[in-house]
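K.L.:
Any chance you can model this:
(one chain, ligands or ions: 2)
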Amino acid sequence: KSCSSDWILFSGNCYYFSKETRDWSGAQQYCGNQDSGLAIINNDDELTHLSSKISSIHWLGLTDLDREGSWKWVDGTPVDKKYWNLGEPNNAGEEDCGELKEAKLNDGRCSEIKRWICEKRL
Ligand code: 2F8
Ligand code: CA
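P.N.:
Ligands and ions are numbered 1, 2, ... in the order given. Presented below is the predicted three-dimensional model:
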């Protein structure tokens with residue numbers, strides 16, 4: 001078995017790195033339509049690998065929309081604090097959606113339009 005074309009395999013999961021751009025909900029909707037979800041980072045290897053594939057900010061499956069300040073991956077797993085960039089999450093203005101930027105997490109405005117990463121089990 002292998003990943004669909006345009007998806008890449010890493011450690012038993014298939015990832016889609018969008019070229020198009022959407023807000024966080026739109027990105028989540030795209031992934032859902034592909035039987036996947038916005039990507040979730042479970043360990044250092046995954047963070048390193050995903051980061052090595054991108055050169056701009058991408059949405060991840062991370063949000064505190066359910067409860068301000070309570071950051072969780074979209075599968076309900078709490079986020080390991082070591083992955084945040086220094087000083088993040090800072091909720092600057094109002095930032096409830098998580099993104100990957102230079103191998104660290106940042107909270108960004110959910111309405112911003114940017115690329116995203118989807119993930120599904122192979
Ligand atoms: O310095 C980190 C800070 O950078 C930006 O704000 C100046 C980000 N906001 C936007 O890109 C809109 C913040 O999320 C980030 O914390
Ligand atoms: Ca921020």
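K.L.:
which ones are touching Gly98?
P.N.:
By Cβ atoms under 8 Å, 6 or more residues apart in numbering, Gly98 lies in contact with Trp59, Leu60, Gly61, Leu62, Thr63, Trp71, Val79, Pro89, Leu105, Asn106, Asp107, Gly108. Backbone N, C-alpha and C define where each C-beta goes, glycine included.
K.L.:
Any chance of a markdown table for the residues you listed, columns secondary structure, neighbour count and pLDDT?
P.N.:
Formatted as a markdown table, those follow (DSSP: H, G, I helix; E, B strand; the rest coil; neighbours: other Cβ atoms under 10 Å; pLDDT from 0 to 100):
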| residue | secondary structure | neighbour count | pLDDT |
| --- | --- | --- | --- |
| Trp59 | strand | 32 | 99 |
| Leu60 | strand | 27 | 99 |
| Gly61 | strand | 25 | 98 |
| Leu62 | strand | 26 | 98 |
| Thr63 | strand | 22 | 98 |
| Trp71 | coil | 20 | 98 |
| Val79 | coil | 20 | 96 |
| Pro89 | coil | 20 | 98 |
| Leu105 | strand | 23 | 98 |
| Asn106 | strand | 21 | 99 |
| Asp107 | strand | 22 | 98 |
| Gly108 | strand | 21 | 98 |
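K.L.:
Of these, which is the nearest to Glu95?
P.N.:
Within the contacts of Gly98, the smallest distance to Glu95 is 3.9 Å, found for Asp107 (Cβ to Cβ).
K.L.:
partners of the closest one in the sheet?
P.N.:
Gly98 (DSSP bridges).
K.L.:
which residues sit in contact with it?
P.N.:
Counted by Cβ under 8 Å, 6+ apart, Asp107 has contacts Asp64, Trp71, Glu88, Pro89, Asn90, Asn91, Ala92, Glu95, Asp96, Cys97, Gly98, Glu99.
K.L.:
and Gly69, how many neighbours does it have?
P.N.:
Number of residues near Gly69 (other Cβ atoms under 10 Å) recorded here: 8.
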